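Student: With the sequence up front, the predicted model follows.
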Amino acid sequence: MFHHVNAYPGDPILSLFQDFQRAPQARKVNLSIGLFYDENGAIPVLESVRNAAARIAAQGAPHTYLPMEGSAPFREAVQRVVFGEACAAVRERRVATLQTLGGSGALRLGAEFIKRYFPDSAIWISDPSWDNHRVLFAGAQIEVHSYPYYDAASNGIRFDAMLATLETLPARSFVLLQPCCHNPTGLDLTREQWRAVIACMQARGLIPFIDMAYQGFGDGLDDDAWAIRAMSDAGVAFLVSNSFSKNFSLYGERCGGLSVVCSSEQEATHVLTQMQAGVRRAYSSPPLFGAQLVAQVLGDAQLYAQWDAEVAAMRARIKSMRTGLRDRLRDALPGRAFDYLVEQRGMFSYTGLRAHEVDALRERFGVYLLRSGRLCVAGLNAGNLDYVAEAMASVLAPQ
Ligand code: KET
């Protein structure tokens with residue numbers, strides 16, 4: 001019966017991570033998937049999360065079903081942390097927010113919504129973007145196109161070309177944007193560039209879909225969400241997917257949110273109920289435990305302050321690893337430019353390494369990057385920095 005089912009060739013990120021875990025090499029370093037490791041090479045359990053878990057355990061509450069849209073305290077917390085305390089749209093109850101299965105679940109739920117209510121619209125994503133953006137939207141039968149973004153020659157953003165493309169899109173097209181720590185390039189728009197993008201969205205009647213997976217890993221929790229707040233203040237209708245996988249180190253608990261900023265409370269109610277229907281069709285209701293952890297931390301002033309400090313420490317660690325790798329490579333290969341490592345932001349650096357160089361790093365040294373050349377800086381630590389820098393220098397050195 002299932003003879004016609006071909007094997008899935010695998011995913012460029014998740015399958016590589018599995019390969020890494022199975023790899024027999026004695027010395028191996030995972031710089032592939034977006035996982036934050038601490039300075040000892042462990043995936044941390046945040047203290048704020050540990051404290052929240054202790055409180056939840058002490059309450060001994062039953063493991064009941066959540067409603068389709070998820071936990072109410074979690075959804076309110078998403079609105080506060082993503083849109084800020086002073087957001088008019090939130091205050092006017094114009095934002096429909098659901099708890100989702102991570103950022104991926106938010107993107108997929110949003111994609112289903114787009115397909116149902118904007119059947120003729122396509123979505124534009126940056127070139128390049130997170131590989132799974134294309135997969136998620138195409139999987140919901142939405143046409144996916146790209147707009148220019150990365151300029152390898154200058155390690156910059158092709159902003160004029162990006163804007164020129166956005167200016168040609170038909171009204172009601174969707175545009176996927178990342179507000180901070182762009183995956184995979186680490187290159188973010190300036191505030192001035194954001195203002196130009198927002199004006200373009202308004203002038204052409206385009207609908208932004210903002211995907212925020214790294215809030216707090218760039219400049220800070222509020223600064224990183226600046227574009228979302230500017231967009232909301234400008235009165236644009238848009239969608240936001242947000243993930244707590246990285247900034248709470250809660251990857252496997254699948255904590256995320258989808259928010260739709262509408263023009264009235266009634267519109268937001270209608271959107272929320274249709275999203276509930278979408279959830280019921282797909283998985284009925286989201287999981288409870290991760291939502292309890294996040295809501296507990298974000299809803300308590302003391303735990304929030306502790307979490308904010310932990311995010312700041314993760315951000316500082318990533319930045320110090322960027323400098324450390326840049327300095328070592330500069331010493332090993334003088335005359336070559338490695339400043340991109342400190343100019344790019346967030347978890348990833350787009351190294352420009354070519355696929356055969358990435359293959360050599362993996363095969364000869366057990367150092368795993370994505371074949372696109374994306375390197376997860378958050379996998380570096382004092383114990384592997386010299387080793388990785390030497391390995392990179394050796395594959396980059398002129399033969
Ligand atoms: N958006 C972006 C931009 C992103 O990089 C990820 C994950 C997600 C959404 C999904 O988040 P989650 O809450 O886990 O569903 N990116 C890393 C992991 C992955 O590929 O799944 C990565 O790029 O390595």
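Tutor: Received it, and whenever you're ready, just let me know what you need.

Student: contacts, neighbours, all on C-alpha from now
Tutor: OK.

Student: near the ligand, which residues of the stretch 151-300 of the chain?
Tutor: The stretch 151-300 of the chain comes close to the ligand at residues N183, D211, A213, S243, S245, Y251, R254, G256, as judged by Cα under 6 Å from any ligand atom.

Student: wait, doesn't the last one sit right on V240?
Tutor: No: taking contact to mean Cα atoms under 8 Å, the distance of 10.5 Å between G256 and V240 leaves them out of contact.

Student: sorry, back to before: in the residues of the stretch 151-300 of the chain next to the ligand, find the pair that's most separated.
Tutor: N183 and R254 (19.0 Å; Cα to Cα).

Student: buried set for the longest helix belonging to the chain?
Tutor: Using DSSP state H to define each element, the chain has its longest helix at helix 301-332. For helix 301-332, the buried set under the neighbour-count rule, 16 or more other Cα atoms under 10 Å, comprises 303-304, 306-308, 310-312, 314-315, 317-330, 332.

Student: and the gap between E69 and the ligand?
Tutor: 17 Å (Cα to the nearest ligand atom, to the nearest Å).

Student: Quick check, that residue in contact with V279.
Tutor: Yes: proximity of E69 to V279 meets the contact threshold set by Cα under 8 Å, at 7.4 Å.

Student: Grab the nearest non-local neighbour of the residue most central in space within the chain.
Tutor: In the chain, the centroid-proximal residue (Cα atoms, centre = their mean) is A213; its distance is 2.4 Å. Nearest residue to A213 in three dimensions, chain neighbours excluded: S243, at 4.8 Å (Cα to Cα, 6 or more residues apart in numbering).

Student: Thought M314 was touching G220, still the case?
Tutor: No: contact between G220 and M314 fails when scored by Cα under 8 Å: they sit 10.7 Å apart.

Student: what's the pLDDT at Q306?
Tutor: pLDDT for Q306: 98.

Student: on that earlier part again, now the residue nearest to the centre of the chain: how far from Y65?
Tutor: From A213 across to Y65, the span is 26 Å (Cα to Cα, to the nearest Å).

Student: for Y350, same thing?
Tutor: Separation of Y350 from Y65 (Cα to Cα) stands at 42 Å.

Student: Helices along the stretch 1-150 of the chain, start to end?
Tutor: For the stretch 1-150 of the chain, the helices defined by DSSP state H, counting those that start in this stretch cover 14-22, 47-59, 72-83, 88-91, 102-117, 131-139.

Student: Could you figure out how far the second one is turned away from helix 301-332?
Tutor: Translated: helix 47-59. Counting by axes from the mean of the first three to the mean of the last three Cα atoms, to 10 degrees, helix 47-59 lies at 150 degrees to helix 301-332.

Student: what residues does helix 47-59 touch?
Tutor: With Cα atoms under 8 Å, 6 or more residues apart in numbering as the test, helix 47-59 has contacts from F248, Q292, L293, V294, Q296, V297, L303, Y304, Q306, W307.

Student: ok, back up a step: more neighbours: which of E69 and V279?
Tutor: A direct count of neighbours by other Cα atoms under 10 Å for E69 and V279 places E69 higher, at 25 against 22.

Student: picking that back up, dihedrals phi and psi, the residue nearest to the centre of the chain?
Tutor: phi -110, psi -10 (degrees, to the nearest 10).

Student: Quickly list what's touching both of E69 and V279.
Tutor: Between them, E69 and V279 share the contacting residues S285, judged by Cα under 8 Å, 6+ apart.

Student: rewinding a little: tell me the one of the contacts of helix 47-59 nearest A382?
Tutor: Using Cα to Cα, the contacts of helix 47-59 come closest to A382 at F248, 22.6 Å.
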